[in-house]
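Novice: Quick one: sequence and predicted model below, then my questions.
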Amino acid sequence: MAHKNPIRSFFASVKLAVVLLIAIAAASILGTLIPQQEAAGPFIARLGPGWSSFLMKIQVFDVFHSFWYAALMALLALNLIVCSLDLLPRTWRRYRRKDDPDRMERLADLPAARIVVTGRDREEAAKRATSLLEKIAGPVTRRERGERIFLHAHRGAYSHFGVPIIHAGVLIVMAGVMIGLFSGFEGYMTIPEGESTATVRLKSGRGERVLPFSVRCDRFVLEFYENGAPRTYRSDLTFLQNGREAQSAAVLVNHPVTFGGIRFYQSSYGTMPGGNPVLTVVQRERKVMEVEIAPEMAFVLPEHRATVRVLRVEDNLMDMGPAVKLGVTAPSGSRQFWVFAAIEQIVAANPGILEQVPLFDPASFAPYLFSLRAAERRPYTGLQAARDPGVPMVALGAAVLMAGLLVVYFRSHRRFWILLETADEGTRIGVVGRSSRDEAGMNRELDRLADAIGAEEEAGT
Amino acid sequence: MIDAKILGATTFVYFAAFAFYLLRMASGRESWGRWGALTALAGLAAHTAALALRWVSSYQMGIGHAPLSNLYESLIFFSWSITAVYLFFERRMRDRSLGVLVLPAAFLFMAYASLSPHIDSRIQPLIPALQSNWLVSHVVTCFLGYAAFTVAFAAGLMMLVKGPAIQTGGKARPAGTAAREENGRNPGPRRERSVPARFMALIPAPAVLDDLIYQSVVLGFVFLAIGIMTGSIWAHHAWGSYWSWDPKETWSLVTWLVYAIMLHSRYIRGWRERPMAVMAVIGFICVLITYLGVNLLPGLHTYQ
């Protein structure tokens, strides 16, 4: 890896790869310890303004989408590419390399266990050894030099490509992720039962996206087991194209539906007000007025020339249910107070509350008594809509990465040499080998090979 | 709930196996090691039977699913994986020294599952998020990976316990042989040596432990890779995104990266023995955070 160009050798180094992997691991840990994105709100609020704006600027609250995390990934990709450019020619040479059958050392230097002596003559022993070697390592090359016969074979040379294959897999995954980032989107749709929408709220506040078709929620189904745990969340959807029903499908958790190249997932559910709450005004047991209210609207109570303004409409105020805040202006003076839909229960649960908190008294503007009827609630389904054209690429990269891992860790290039020479007792056979990985496994295989050569000879005599 | 009773009993069988392995280390007699291996195997058989029974009875309850769906079942399966992967390596390496460190892990996870008042051992129906064909392949591959890392951790711990003052080199051989050789060299008879000294003498040579760490880490690394990939496919179907940086996903990536760093350093920088042992310990800490620690962090993956 010693290049003339120091920049290139820097980017090709495995040292850089290890440093980058450590940095990515450390950044990822940071991203799980510091609250991220929406969850960061309360944490940011507790910091001083100087700190919080600084930390926000360096994207500490969105580590996985920050420029520096992306930079680490880009550096890793560059490192992998440059390193692979270096590695490939060397791997190719290793793959193509032809070993000399007679490069083997003298028999005397071999470990004793790998020397077999047989009564057979040299040529016959060589034949047997050749057929045994062929079985485990394919074609055998043979060379004779003087009184000696050399046999050589190897298998699994392709396993040298395992590391470049893993690196290629990682790069393909990264490319797939980039495709998804730049040409895909992810967001949510909230559709009340019976209604349709084409608008997707994009994730992390990136605005909205209008689909070329709309989605109608025909029904949202929630089923429970006997023990009360949820069993099924299901949305029956109909996709509408140009106002016509194009397709109907049920979306369940773990069973998304694809329409128009966009996948829809069951993500959440709930109920929402089905309309506006209704405010009733009673004067001495007699209903004088009933109005459907909306924020900021106003109406007049003619008898006392009073104007009632709706200041706030709350779905659930302080966990006490729906409430509206009214501001009444009259010649007799003006006041503001809350009207709760569930005022009877609130008073029953907190006796004396109206005296303690006059703001909650619906009879604050005598002689009128205000009451609120909350709107009917109706179920809605929360869908996640996503389009990610990078997925096939990510899947391909993962498959390549997996194949590379299997080759690197469960395959090895094993080279075998056998030397036969005539001895006093017949033929002395030496067996040696080299493995690119797993020396222990190679030793076991060599033991078996030497034993087999010896054993077959014994069976022959 | 016959399965829970068998699992309760298995907990003590694993403890007994641990005791036998400990006796082997203390006495230097290989026969205790054979008892340990036999007991661990018996425990594993009972454990397997209990898992099968639990699976069958969930079908009889009409909510059939593999017993891999909540914290109790995951702890039970983790323990099963630890024993199974350990026995695999014990056979392969022909060395019983590690049982004394691995079996307590299997025992502790079982005991935690059975005894903790916060863990519900009843068979529960599958909530919608878990109703997927990917549940089994994702959980099984992840836990086999975790178990292999547990074995690597035990081997690393052993190497660190023995300290630097040990001879290096030597190829894999039965630990009994090593002990006999040491005794042969030692002038005094065996019973005159102290228990800790015998224990230390029975710890395999660093090269053997190093080989074991490497092999188990490789196995765990590949299983964790498959586990992350099956998890991604599942997430793609369930959550609409193959990766959401949820704490468990992130920590599984961190764990995988730590072992990737370890394997790269071995491959390129020639790390052997002690640095590998230290990495095996660091990696296992990441495994524990990935498995249990992230439950303390908010996310999609937390066990109920």
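Specialist: Yep, it's here. Numbering: from 1, shown residues only, chains lettered A, B, ... in the order given.

Novice: residues making contact with the one helix or strand B:Met276 maps to?
Specialist: Element membership of B:Met276, judged by DSSP states H and E, is helix B:274-291. Helix B:274-291 has contacts (Cβ atoms under 8 Å, 6 or more residues apart in numbering or on different chains) with B:78, B:146, B:149-150, B:152-153, B:155-157, B:159-160, B:164, B:206, B:209-210, B:213-214, B:217, B:248, B:251-252, B:254-255, B:258-259, B:261-262, B:265-266, B:271. Glycine gets a C-beta too; all of them are placed from N, C-alpha and C.

Novice: which of these are buried?
Specialist: Burial of those was assessed by neighbour count (16 or more other Cβ atoms under 10 Å in any protein chain shown); the buried members are B:78, B:146, B:149-150, B:152-153, B:155-157, B:159, B:206, B:209-210, B:213-214, B:217, B:248, B:251-252, B:254-255, B:258-259, B:261-262, B:265-266, B:271.

Novice: ok, now how distant is A:Glu245 from chain B?
Specialist: Computed with Cβ to the nearest Cβ, to the nearest Å, the distance linking A:Glu245 and chain B is 24 Å.

Novice: so B:Phe199 makes contact with B:Leu23?
Specialist: No. Judged on Cβ atoms under 8 Å, B:Phe199 makes no contact with B:Leu23 at a distance of 11.0 Å.

Novice: Count the neighbours of the residue nearest to B:Gln215 when sequence neighbours are not counted for me.
Specialist: Ranked by Cβ to Cβ, 6 or more residues apart in numbering or on different chains and with sequence neighbours excluded, the top spatial neighbour of B:Gln215 is B:Phe89, at 7.2 Å. By other Cβ atoms under 10 Å in any protein chain shown, 21 other residues sit near B:Phe89.

Novice: Tell me if B:Phe89 really is in a strand.
Specialist: No. Checked against DSSP: H, G, I helix; E, B strand; the rest coil, B:Phe89 lies outside a strand; its state is helix.

Novice: how close does it get to A:Leu405?
Specialist: 19 Å (Cβ to Cβ, to the nearest Å).

Novice: got it, and A:Glu38?
Specialist: If you measure A:Glu38 against A:Leu405 using Cβ to Cβ, the figure is 36 Å.

Novice: ok so, going back, tell me which of B:Phe199 and B:Leu23 has more neighbours.
Specialist: Set side by side, B:Phe199 and B:Leu23 show more neighbours around B:Phe199, with 20 against 17, by other Cβ under 10 Å.

Novice: Just confirm the more buried one is within a helix.
Specialist: Yes. Applying three-state DSSP, one finds B:Phe199 inside a helix.

Novice: Might you report the residue contacts of it?
Specialist: With contact taken as Cβ under 8 Å, 6+ apart, B:Phe199 is in contact with B:25-26.

Novice: Need phi/psi at B:Arg29.
Specialist: The phi and psi values for B:Arg29, taken as degrees, to the nearest 10, are phi -90, psi 130.

Novice: Around chain B, pick out the residues from the stretch 201-350 of chain A.
Specialist: Residues of the stretch 201-350 of chain A found near chain B, taking Cβ under 8 Å from any Cβ of the partner chain as the criterion, are A:225, A:227, A:229-233, A:252-256, A:263, A:265-267.
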